[in-house]
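In: structure, please.
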Amino acid sequence: QVQLLQSGGGLVQAGESLRLSCAASGRIFSDDFMGWFRQAPGKQRDLVASITGSGVNIYIADSVKGRFTISRSSAKNTVYLQMNSLEVENTAVYYCAIRSAGGLWNVWGQGAQVTVSS
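Out: Numbering: from 1, shown residues only. This next block holds a predicted model:
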């Protein structure tokens, strides 16, 4: 089974940028989805962005559109979340996850804390 290892995260000031990485062990198929979720304290875990293994289908949540970008490196089997112009409201634990086409998000990374200070 695929395992996901996250890196990145940390403490930044509002307006700054961060990049999260999620490296997958094992094969990612072209129609698999890799996604980034976030969960703020007391709130549900929400999908922020997703991308297929082929890179063709990309989803970005309206709340971060224009500031966050998802991309992937097939050579490194890694998905990235570039977060620009961060806002205090973006503070959360960010998780990467993977699902097959038509399947559930059933493999998760360990999570990374992103804290944005004013």
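In: just say helix, strand or coil for the most centrally placed residue in the chain.
Out: With the centre of the chain defined as its mean C-alpha position, the nearest residue by CA atoms, centre = their mean is W36, 2.5 Å away. Three-state call for W36 (DSSP: H, G, I helix; E, B strand; the rest coil): strand.
In: show me what contacts it?
Out: 20, 22, 47-50, 70, 79, 81, 94-97 (CB atoms under 8 Å, 6 or more residues apart in numbering). Glycine gets a C-beta too; all of them are placed from N, C-alpha and C.
In: dump those residues to CSV, plus secondary structure, pLDDT and neighbour count.
Out: Converted to CSV, those look like this (DSSP: H, G, I helix; E, B strand; the rest coil; pLDDT from 0 to 100; neighbours: other CB atoms under 10 Å):
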residue, secondary structure, pLDDT, neighbour count
L20, strand, 98, 25
C22, strand, 97, 27
L47, strand, 98, 15
V48, strand, 98, 24
A49, strand, 98, 25
S50, strand, 97, 22
I70, strand, 98, 22
V79, strand, 96, 29
L81, strand, 98, 26
Y94, strand, 98, 24
Y95, strand, 98, 22
C96, strand, 98, 31
A97, strand, 97, 21
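In: and the residue nearest to the centre of the chain, how far is that from N90?
Out: 12 Å (CB to CB, to the nearest Å).
In: do S50 as well
Out: 17 Å.
In: what residues are up against the nearest residue to S117 once chain neighbours are set aside?
Out: Closest residue to S117 apart from its sequence neighbours, by CB to CB, 6 or more residues apart in numbering: Q13 at 5.4 Å. Applying CB under 8 Å, 6+ apart, we find Q13 in contact with 116-118.
In: what about Q13, distance to T78?
Out: Distance from Q13 to T78, by CB to CB: 26 Å.
In: please apply the same query to I60.
Out: Taken as CB to CB, the span from I60 to T78 is 18 Å.
In: what ranges do the strands span in the chain?
Out: Ranges of strands within the chain are 3-7, 10-13, 18-25, 33-39, 46-52, 58-60, 68-73, 78-83, 92-99, 107-108, 112-117, based on DSSP state E.
In: now for the fifth one, which elements pack on it?
Out: Think strand 46-52. Packing partners of strand 46-52 (3 or more CB pairs under 8 Å, 6 or more residues apart in numbering; DSSP states H and E): strand 33-39, strand 58-60, strand 68-73, strand 78-83.
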